[in-house]
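J.: sequence? don't have it. structure:
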């Protein structure tokens, strides 16, 4: 067997071992946990307040878009940090590339601002 296949075999063995270990622990916890049926245990928890109405409610799409904007700018920070740590190595090409990246993100922010997504009602 070649070294290439042996390395994949090692990964496969550890993957199977990890899955077996997780299955063993889940099965063990199912055997030793207490299982007393209580009606209070199955109620929806709403910050210490008794639940009112059904569990289904419609949310405003604005919250979803606001969360997506947060994720977008959070990912931007993840991409900018490694660039900033190696700025001298990238030189002018890296600076122009990052300027284009930030410009595209600013266009997205401007679009969201003009559409009124950032207004929190």
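T.: Looks like it came in fine. Treat the numbers as computed from the prediction; the structure is a model and nothing was measured.
J.: List the buried residues of whatever helix or strand residue 102 lives in.
T.: For residue 102, the host element (DSSP states H and E) is helix 87-115. By 16 or more other Cβ atoms under 10 Å, the buried positions in helix 87-115 come out as 98, 105, 112. Bear in mind the C-beta positions are built from the backbone N, C-alpha and C, glycine included.
J.: Report the lowest-confidence entry in those residues.
T.: Minimum pLDDT for the buried residues of helix 87-115 is recorded at residue 112 (84).
J.: which residues touch that one?
T.: By Cβ atoms under 8 Å, 6 or more residues apart in numbering, the contact list for residue 112 reads 65, 69, 118.
J.: is it possible to export those to CSV including neighbour count, secondary structure and distance to residue 94?
T.: Output for those, formatted as CSV (neighbours: other Cβ atoms under 10 Å; DSSP: H, G, I helix; E, B strand; the rest coil; distance: Cβ to Cβ, whole Å):
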residue, neighbour count, secondary structure, distance to residue 94
65, 14, helix, 31
69, 16, helix, 26
118, 13, coil, 30
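J.: Tabulate those in TSV, adding columns for pLDDT and distance to residue 4.
T.: Output for the contacts of residue 112, formatted as TSV (pLDDT from 0 to 100; distance: Cβ to Cβ, whole Å):
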residue	pLDDT	distance to residue 4
65	81	47
69	84	44
118	78	52
